[in-house]
Structure formats: structure tokens, C-alpha cells
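K.L.:
need coordinates for the following:
(one chain, ligands or ions: 2)
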Amino acid sequence: MTEPSTLTRAPRPSKPAADPRPGLSGLPDGGLETWLESEGQPAYRARQIRDGVWRQNAASAEELLTLPSALRASLDRAFRIDTIATDEVRVSDGGLTEKSLHLLSDGALIESVLMHYPARGFGRAGAGEDGRGADGRPEHRERHTLCISSQAGCAVGCPFCATGELGFGRDLETAEILDQVRHAARRLAARKAHLTNVVFMGMGEPLLNLDRVLEAVAALSDPQRFGLGARHVVVSTSGVVPGIRRLTEINPQFTLAISLHAARDPLRDVLVPLNRRWPVAEVVGAARSHARVTGRRVSYEYVMISGVNDTDVDAEALSGLLHGDLAHVNLIPMNPVAHTPWQASSPQRVTQFAARLREGGIGATVRRNRGQDAGAACGQLAADRAGEPPAPAVAHRRELIVRQSEVALRGDRSVESLPADLEAAVAGRKAKR
Ligand code: SAH
Ligand code: SF4
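P.N.:
Ligands and ions are numbered 1, 2, ... in the order given. Predicted coordinates for the structure are as follows:
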């Protein structure tokens with residue numbers, strides 16, 4: 001049995017019952033027409049409702065003023081017009097980063113982060129220090145990028161991730177994913193701006209909630225609904241290989257990002273525990289065939305942790321691994337999180353590591369950390385709300401991480417199986433397919 005790396009906190013008050021009404025924004029294509037017909041309503045109302053949901057970003061039925069009041073009332077009885085309530089917004093980086101904590105109808109908390117990138121200067125549009133976007137291509141326009149959650153919590157349990165520490169809550173519904181986007185669009189409309197990019201890099205593992213993530217991307221890219229090209233969407237995964245393969249078959253237009261963080265199995269077993277099920281070679285093999293079949297470059301995310309995965313040996317292992325691939329590496333100095341024994345790599349180390357990768361022929365971009373003063377690491381706001389776990393549990397977690405990484409740094413692979421809720425999450429995903 002694996003010792004859990006998630007922390008047990010004091011029991012929380014029991015959750016309110018989830019609202020059983022489906023979220024309006026999550027209705028599939030044609031769903032509104034079907035419902036209107038069942039209500040004996042004319043089909044043209046569908047466009048008015050869609051405009052209310054996707055242009056006006058309505059939060060309640062009362063805002064749908066083009067509809068007769070009786071229809072507004074039936075809509076309200078049948079659907080939740082908004083499935084999330086924004087509980088807190090923390091603004092940082094002089095207004096360039098807005099981190100929101102959203103409350104769901106069952107009391108679960110999720111986060112989204114809206115990042116503004118001015119057209120000129122440093123920190124453009126999801127861009128790194130070289131002014132390139134997530135896939136390494138240059139970016140020039142002003143951009144507004146939203147980072148959204150696909151699950152409440154996460155079962156994967158990466159020890160440098162605040163969400164991983166919280167453990168798994170539940171999958172988000174399609175509407176709960178999309179309403180994060182509608183909330184951000186509403187905030188942007190107030191400043192006469194539009195959302196230009198959406199990245200699934202918030203809480204949760206998108207490929208363990210893949211059906212809903214695909215439904216959400218379909219709504220985002222549908223010109224009748226949100227109308228954002230799928231090419232402006234990035235979906236990040238910690239390496240759910242069957243999910244990557246499924247994406248290759250479907251060939252969606254979005255960019256796939258792989259959270260690699262280590263090129264060698266012993267270390268990746270610790271940094272991304274899912275590696276014990278799908279090791280580096282399988283993950284990179286699946287990503288490589290995804291790039292080959294779709295013709296789209298795969299991004300690799302690499303969180304840089306001082307003295308753990310940032311040595312020259314790691315850089316060489318990484319460039320050897322990706323050599324000749326249609327790939328781009330994003331180096332992200334670790335955001336500070338509570339309860340890990342680790343620190344971010346120094347800026348000099350990050351620069352040297354990037355230089356080594358480029359010498360090895362691998363495109364690499366250094367990402368700036370956003371929102372450090374707002375609890376930058378995703379899951380940090382929700383963790384703050386959950387309260388500080390007992391000191392002995394924190395000490396135990398730190399010891400466990402140190403012990404596991406010592407074994408890894410000696411080059412030995414983990415002998416531990418997947419933590420129980422990760423095993424269940426992976427099995428659940430398989431059962432759904
Ligand atoms: N679960 C998916 C998507 C959400 S996490 C995945 O892991 O890919 C999105 C990204 O944030 C991942 O690359 C993850 O490794 C990174 N991340 C998590 N904690 C971080 C931290 N403390 N500092 C920097 N990046 C972090
Ligand atoms: Fe889950 Fe991604 Fe955090 Fe790992 S980094 S615990 S996969 S959200």
C-alpha cells in the first residue's frame with residue numbers, strides 16, 4: 001500500500017445537496033431546440049437563449065430580456081443559468097493576473113486564472129521570455145488567456161502541486177467548465193476586451209474527465225456558442241496515455257501539452273505519480289505519434305525544482321528523449337506552494353538548462369510565473385480555504401517527499417503502486433470508455 005501524499009484535514013461541514021438542474025451552457029448542440037420543442041415553444045427562441053448565454057454571458061434568467069417572462073420562468077425551473085458563483089477574486093501583477101475562486105452548487109471549490117498580456121513588451125499573451133506562445137510560435141497581439149479547471153481537486157497527487165495535495169473531489173460537469181469561461185468573458189466585456197485563449201491548466205486532470213472536456217471544447221469552438229477557434233485552446237495532461245491516444249484518433253484542433261517534469265522514470269515516478277502506470281517512454285511515444293498523425297507540435301511542460309530535476313544530466317536526458325520530435329519545452333520555475341520541501345530553480349539555472357536544451361536542438365521557452373502574490377499555484381486558494389492541516393501531517397508529508405526523492409535521485413524506480421484514489425480515477429476513466 002502506498003502512503004497517501006495528500007493531507008487529511010479536519011472534517012468539513014457536510015456539503016449542501018447539489019442542484020439537480022443541468023447547467024444551461026453545457027447543453028449539447030441541438031439541445032436547446034429539443035427542449036424548446038418539448039415546451040411547445042418556437043425554435044427561433046433557441047438563438048435568443050444562445051445569445052443570452054454566450055454573447056451576454058447571462059448569470060440569471062431575469063437577464064434574458066428578449067424572452068417572455070413565462071419562458072424565463074420555465075428555463076429557470078429546468079436549468080441552472082450559471083453553475084458557479086465567484087466567491088473571491090485576487091488581483092496581482094499590477095492588475096495583469098486575476099485569480100478567481102468559484103463555489104459550485106455542492107460546496108466544492110475550483111479556481112480559474114485570467115491573465116492579461118499587453119501587445120508589447122515582456123509577458124505577451126501566454127508568451128514566455130522570447131515572446132512565444134505555448135506551442136513556441138511567436139505572438140504579437142494583445143491577449144487575454146484564461147486558465148480553467150476540469151475537476152475539483154486532482155487524484156494524480158504531484159507533490160509540487162497545491163491541487164494535488166488537496167486530493168480528488170469530483171469531475172466537473174460540462175457547464176461548470178464552460179461557466180468559468182463565461183465568468184471571465186463577463187469580466188473582460190466590462191473592459192471592452194475579449195478572451196483570446198483558454199488553457200486547461202487549472203485544477204484537475206483533463207484527460208480523466210475527457211468526455212466533458214471535449215464537450216466543453218466543442219462549445220468553445222462552435223461559432224454559434226462561444227466562437228473561439230480550437231487552435232486557441234491548450235489541453236494539458238500529466239500523461240494519461242489512453243486519453244492521448246483517443247485524442248489522436250479524434251484529431252481535435254487544440255494544442256496538447258504534456259506535463260513531463262522529468263525525463264527519467266525514477267524521478268518522474270515521484271514528481272508525477274501517474275508515471276508508475278504510464279512511464280516516460282509510453283507518454284512520449286503517445287505524444288510523438290499524436291504530433292506525427294495530427295501534424296501539430298506537442299508542448300512539454302517542465303516545472304523546475306532546485307536540485308531535483310534541474311541538473312545538466314536532466315537537461316541531457318530531456319534533449320535525448322525529445323530529439324528529432326515535433327516538440328517544444330516550456331520551462332516553468334516552480335511556484336511556491338505550502339507543504340513541499342522544495343524550491344524553484346534559480347533564474348541562472350533555468351537559463352542554463354534552456355541553453356542546454358537548445359544546444360540539443362530542442363526549442364525551449366522560459367515561462368514567467370504569474371500571480372505569485374495571489375497564491376499563483378493552482379489550488380492554493382482552495383487549499384487556503386480548506387485550512388492548515390495539522391503540523392504532524394505536514395511534517396510527515398515533507399519527510400515522505402524527501403524520502404521518495406532521495407530514492408529517485410539514486411536512480412531507483414518507485415516500488416509503490418498508485419495511490420488508491422488515483423487507481424480509482426484511472427479505472428473509472430477506463431470503465432467510461
Ligand atoms: N493536471 C494537468 C493540468 C493541470 S496542472 C497537468 O498536470 O498537466 C497544469 C500545469 O501546472 C502542469 O504542467 C503542472 O505541472 C503545473 N503546476 C502545478 N503546480 C505547479 C507549481 N507549484 N509551479 C509551477 N507549475 C505548477
Ligand atoms: Fe493534478 Fe496536474 Fe496538479 Fe499533477 S500538476 S496534481 S496532474 S493538477
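
K.L.:
for the closest residue to M203 other than its chain neighbours, helix, strand, or coil?
P.N.:
Leaving aside its sequence neighbours, M203 sits nearest to S149 (CB to CB, 6 or more residues apart in numbering; 3.8 Å). From N, CA and C alone the C-beta is placed, and that goes for glycine too. At S149, secondary structure determined by DSSP: H, G, I helix; E, B strand; the rest coil is coil.

K.L.:
isn't S149 right next to M201, touching?
P.N.:
No. Contact between S149 and M201 fails when scored by CB atoms under 8 Å: they sit 9.1 Å apart.

K.L.:
quick one: residues contacting V234.
P.N.:
Listed by CB atoms under 8 Å, 6 or more residues apart in numbering, the contact set of V234 reads A134, D135, N197, V198, V199, F200, M201, F254, T255, L256, A257, S299.

K.L.:
could I get those as TSV with distance to R47, secondary structure and neighbour count?
P.N.:
Shown next, in TSV, are these (distance: CB to CB, whole Å; DSSP: H, G, I helix; E, B strand; the rest coil; neighbours: other CB atoms under 10 Å):
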residue	distance to R47	secondary structure	neighbour count
A134	34	coil	26
D135	34	coil	21
N197	27	strand	23
V198	24	strand	29
V199	30	strand	21
F200	29	strand	24
M201	33	coil	22
F254	26	coil	23
T255	31	strand	24
L256	33	strand	24
A257	35	strand	23
S299	37	strand	25
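
K.L.:
for those residues, which one is nearest ligand 1?
P.N.:
M201 (3.7 Å; CB to the nearest ligand atom).

K.L.:
separation between that closest one and S259?
P.N.:
Here the criterion is CB to CB, to the nearest Å. By it, M201 lies 9 Å from S259.

K.L.:
joint contacts of the two?
P.N.:
In contact with both M201 and S259: S236, using CB under 8 Å, 6+ apart.

K.L.:
check what pLDDT the residue of the stretch 51-200 of the chain found nearest ligand 1 gets.
P.N.:
Taking CB to the nearest ligand atom, ligand 1 has its nearest neighbour within the stretch 51-200 of the chain at C161, 3.6 Å off. Predicted confidence (pLDDT) for C161: 93.

K.L.:
would you check how far apart it and ligand 2 are?
P.N.:
3 Å (CB to the nearest ligand atom, to the nearest Å).

K.L.:
got it, and E111?
P.N.:
Distance from E111 to ligand 2, by CB to the nearest ligand atom: 11 Å.

K.L.:
mind checking what secondary structure that residue has?
P.N.:
Three-state call for E111 (three-state DSSP): strand.

K.L.:
mind listing the residues bridging to it?
P.N.:
Counting by DSSP bridges, E111 forms beta bridges with L101.

K.L.:
pretty sure it contacts K99?
P.N.:
Yes. Look at E111 against K99 with CB under 8 Å: they come within range, at 6.5 Å.

K.L.:
and the residue nearest to S346 when sequence neighbours are not counted, how far is that from ligand 2?
P.N.:
In space, and not counting its chain neighbours, S346 is closest to S306: 6.8 Å by CB to CB, 6+ apart. Going from S306 to ligand 2 by CB to the nearest ligand atom gives 18 Å.

K.L.:
for P20, which three-state class applies?
P.N.:
coil.

K.L.:
phi and psi next, for it.
P.N.:
Per-residue torsions, P20: phi -70, psi -10 (degrees, to the nearest 10).

K.L.:
what is the burial count for the residue of the stretch 151-300 of the chain found nearest ligand 2?
P.N.:
At 2.7 Å from ligand 2, G164 is the closest residue in the stretch 151-300 of the chain, using CB to the nearest ligand atom. Number of residues near G164 (other CB atoms under 10 Å) recorded here: 28.

K.L.:
quick one: it from W278, how far?
P.N.:
Distance from G164 to W278, by CB to CB: 17 Å.

K.L.:
ok, H232 next?
P.N.:
Distance from H232 to W278, counting by CB to CB: 28 Å.

K.L.:
follow-up on the earlier one: so when I look at the residue of the stretch 151-300 of the chain closest to ligand 2, I'm seeing a strand, right?
P.N.:
No. Under three-state DSSP, G164 sits outside any strand and is assigned helix.

K.L.:
could you report the pLDDT at it?
P.N.:
G164 is given a pLDDT of 90.

K.L.:
if I look at it, how far off is L104?
P.N.:
From G164 to L104 the distance is 19 Å (CB to CB).

K.L.:
try Q343
P.N.:
Where L104 is concerned, Q343 sits at a distance of 33 Å (CB to CB).

K.L.:
out of those two, which sits in the busier spot?
P.N.:
For Q343 versus L104, the count of surrounding residues by other CB under 10 Å is larger for L104: 22 against 13.

K.L.:
who's in contact with the more buried one?
P.N.:
Contacts for L104 (CB under 8 Å, 6+ apart) come out as A18, T83, I84, I110, A152, L172, E176.

K.L.:
likewise for L247?
P.N.:
Applying CB under 8 Å, 6+ apart to L247 gives the contacts L207, L210, V235, L256, H290.

K.L.:
out of these, which one sits closest to L331?
P.N.:
Set against L331, the nearest of those by CB to CB is L256 (18.0 Å).
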